[in-house]
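Enquirer: structure of the sequence below:
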Amino acid sequence: MLGYVRCLVFSSKEEPFFVNRRKKYFVVGICLLLVQAAFSEISMAREKSTEDISPLDDLLSMSLEELMSVEVVTAGRQAQKISEAPAALSVVTAEDIKQLGATQLGEALRMVVGIHFGYTNSSYMAAGGIRGFHKLPANKIVLLIDGVPWSLEIYGIPLLSAPPISLDEIERIEVLRGPGSSLYGSNAMFGVINVITKKTEDTKGNLISFIGGEQQTLIGTYMHGGSIKDNINYRVTLGWDQRDNRDYVAWSNEPVQQISRINTTWDYHLNDNSQFSLFAAYVDTMENDFICESTGPIDYTDGDHYRTVLAFASKDPGITIRAHMKRQTRNNGSSFGQKVLDFEMGTTGVEVQHTWELFKRDTLVWGANFTQEYADGPLIGGERTHDMAGVFIDNTYKMRDNTDLNAGLRYDDHPNTGGTVSHRLSLQYAPYEKHNFRLTCGSSYRNPDFIESYYDRTTPYGAGQYLHVYGQEDNDPEKASTYELAYSGQLTEKFFLGANLFHSEIEDFIYFAPSGTPYFDPGLGGMVIPYAHQNLGDAKQHGGELELKYQITDYLTGTVNYTYLKQEVVDAAVEQLLVMTPQHMANAQLRARLKNGFSANLTIHYKSSTEWREYTWPHPDGNTVAGGKADNYVFANLRVGYDFTIFDNDAEIALACFNLLDEKFDDYPLDTSDVARRVTGSFSLRF
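Expert: Residues are numbered from 1 along each chain as shown. I've put the predicted structure just below:
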């Protein structure tokens, strides 16, 4: 087994990801320690009877016992044990977010197996995705905040960089890996990230938190919660995020990213059975630059976001109704020295869901939604609107005490692509307590976004050459079929194992590629090379995920996970898309919490090399070379904290170091920027 793990880490044909031997042995040593300890525990357990195994004590915020029985809602749109979820699901808790030293949402997800959001510089995470077919930015996943989408509509991507909530408001993050369209519609091709916030009754009082340090990092949060009478609870949160953006691109608008936010949540309990909830938020992107591969670097400053969600929920009958609205004002939109990517956009929608126990052992979840998305900007020909409707049904039948059958079906209608059907079928079998097998197949899809449908732009491409990139309204949606075999179980009192094997086939990739013969344009005085956003063809992928979690002592726990992704070309035109996905990804973690209040968390992350289209972005203030090969890398993060009390109020101070050994790396190469070390300190106080 030890040799097997060594092969997982070092079998790549690429150059070793460590030049320094001590660093290499340090990483491998931790991985082998966890695996060896885990299998030593298995050997010892063979000598014990089942009756001798006692329940685990609470470890940190979640023991292995709790891990198997924690309730989740994303996999089936209903509360169920994670071990009974009909899809691969990972949970990131509030304790995880804190111990990881995360400064943004993407960093809170770094330890999740199968998922990767890469840095385009030390402050911005966008490149990647879940379970392969990665892109810049990631566009085959859905980001939900309490079940409601939060996206940048023009590109159809999760808006990770400017969420309407602070990290301190998050109770947990549920990450569904695999096809999710049968429940959540378009874009949920390979995953769903559902951020679930804390209940208002759990956040009464005040919280002040502060993170500051290198690379101009300055993050502050103030949260106040309370109640009015006995049936109204509320929370108000103020937040400020600032991060370095120095040398992001040669003509970066400002050397820092600055975002401020304010939000409020109100819960009105009608009775013990039902309640109304109101969430409202304002996000001000004061200084913000980011990169989309299809359109280049964008100065996104002044794109203010407004968000409102009104919800009603009752336990009996199990009905949920949500109405939501999101608006974003026109951003600066400068790109390549021209103000052409200034967009106004938004979403309005309503969703109804009903959970119904048809008969004993059978639970039916069904619902419908209507959503209107719009975007308005010069590069898409003015205002464009997409009115979309969908209906879904998801049924779980307990055939026996240890066997569940889940089936889901969804129909969506889009003005450009017409009707699309997606499905999921899952069979779960638990031959022994705490040992679960699952077989799942499903289909999912992604509709073309506004850029892929309507974009029209001509830019200099070299001496006497121009690149004309345009969209097409008749593109078909990208579609995927996925098959998965999974196991999860608590092998011993202290050892958890999760394993997944999956195969995916994707049709009608959409990407911008040469289209037609270059021609001379007298108005421009040069040759024009036409590039269209179009359906390029098909591809296949198979892969696996392995996750080990081991309780080493009462105060120390370890986790190792590994993801393998192998993609195959079906149509030659899509080969350029597959090299953007790493073939190997691995993470390791050691976490300790002592009774004297000290805690420590060490994580190590590895990613094999990727390749991106290479461009030279010309500008009077200096050119930037983007794309090319992103070499394989490994880096470590360390956080050390101390909990104490101030006048009977809980407080914590911590020191976190991102990229501990300062091994500079790139997920998406820019010749003007590398991801370097960042040391920050933090303080939080609840009163």
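
Enquirer: which other residues reach stretch 643-655?
Expert: The contact list for stretch 643-655 (Cβ atoms under 8 Å, 6 or more residues apart in numbering) reads 101, 597-599, 639-642, 679-687. All C-beta spots, glycine's among them, are computed from the backbone N, C-alpha and C.

Enquirer: of those, buried ones?
Expert: 101, 599, 639-641, 679-680, 682, 684-686 (16 or more other Cβ atoms under 10 Å).

Enquirer: residues contacting the residue nearest the centre of the chain?
Expert: With distances taken as Cα atoms, centre = their mean, the chain has Ile193 as the residue nearest its mean C-alpha position (5.3 Å). Neighbouring residues of Ile193 by Cβ under 8 Å, 6+ apart: 109, 141-144, 158, 173-176.

Enquirer: could you measure from it over to Ala126?
Expert: 14 Å (Cβ to Cβ, to the nearest Å).

Enquirer: same thing with Asp267?
Expert: Plainly put, Asp267 is 33 Å away from Ala126 if you go by Cβ to Cβ.

Enquirer: more crowded one of the two?
Expert: Neighbours of Asp267 and Ala126, each counted by other Cβ atoms under 10 Å, are more numerous for Ala126; the result is 23 against 20.

Enquirer: now Arg686. Nearest residue, chain neighbours left out?
Expert: Spatially, and ignoring its direct neighbours in sequence, Arg686 is nearest to Asp650 (4.7 Å; Cβ to Cβ, 6 or more residues apart in numbering).

Enquirer: beta-bridge partners for that neighbour, please?
Expert: Assessed by DSSP bridges, Asp650 has beta-bridge partners Thr645.

Enquirer: ok, now Pro149?
Expert: Pro149 has these beta-bridge partners by DSSP bridges: Leu144.

Enquirer: before we move on, what about Glu611?
Expert: Counting by DSSP bridges, Glu611 is bridged to Lys629.

Enquirer: doesn't Met580 make contact with it?
Expert: Yes. In terms of Cβ atoms under 8 Å, Glu611 counts as a neighbour of Met580; the distance is 6.8 Å.

Enquirer: the more surrounded of these two?
Expert: Between Glu611 and Met580, counting by other Cβ under 10 Å, Met580 is the more crowded of the two (24 against 15).

Enquirer: quick one, what contacts the closest residue to the more buried one other than its chain neighbours?
Expert: Distances taken as Cβ to Cβ, 6+ apart put His134 closest to Met580, at 4.9 Å, once the chain neighbours are dropped. The neighbourhood of His134, defined by Cβ under 8 Å, 6+ apart, consists of 116, 118, 127-128, 580-582, 610.

Enquirer: return the member of these nearest to Ala389.
Expert: Nearest to Ala389 among those is Gly128, at 30.7 Å by Cβ to Cβ.

Enquirer: check the secondary structure at the closest one for me.
Expert: Counting by DSSP: H, G, I helix; E, B strand; the rest coil, the backbone at Gly128 sits in strand.

Enquirer: shouldn't it be in contact with Asp667?
Expert: Yes. With contact defined as Cβ under 8 Å, Gly128 counts as touching Asp667 (7.1 Å).

Enquirer: which of the two has more neighbours?
Expert: A direct count of neighbours by other Cβ under 10 Å for Gly128 and Asp667 places Gly128 higher, at 27 against 23.

Enquirer: ok, that one to Asn561 distance?
Expert: Counting by Cβ to Cβ, the gap from Gly128 to Asn561 is 16 Å.

Enquirer: so which residue of the chain lies furthest out from the middle?
Expert: Largest separation from the mean C-alpha position in the chain: Pro522, at 46.3 Å (Cα atoms, centre = their mean).

Enquirer: how about the contacts made by Gly333?
Expert: Applying Cβ under 8 Å, 6+ apart to Gly333 gives the contacts 298-300, 339-343, 377.

Enquirer: now Gln472
Expert: Gln472 is in contact with 452-453, 532-534, counting by Cβ under 8 Å, 6+ apart.

Enquirer: hmm, back to that, adding distance to Phe635 and pLDDT, write the contacts of His134 out as JSON lines.
Expert: Output for the contacts of His134, formatted as JSON lines (distance: Cβ to Cβ, whole Å; pLDDT from 0 to 100):
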{"residue": "His116", "distance to Phe635": "13", "pLDDT": "92"}
{"residue": "Gly118", "distance to Phe635": "12", "pLDDT": "89"}
{"residue": "Ala127", "distance to Phe635": "16", "pLDDT": "83"}
{"residue": "Gly128", "distance to Phe635": "15", "pLDDT": "89"}
{"residue": "Met580", "distance to Phe635": "20", "pLDDT": "93"}
{"residue": "Thr581", "distance to Phe635": "19", "pLDDT": "94"}
{"residue": "Pro582", "distance to Phe635": "14", "pLDDT": "95"}
{"residue": "Thr610", "distance to Phe635": "16", "pLDDT": "94"}
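
Enquirer: nearest to Lys549 among the residues you listed?
Expert: The nearest member of the contacts of His134 to Lys549, counting by Cβ to Cβ, is His116 at 19.7 Å.
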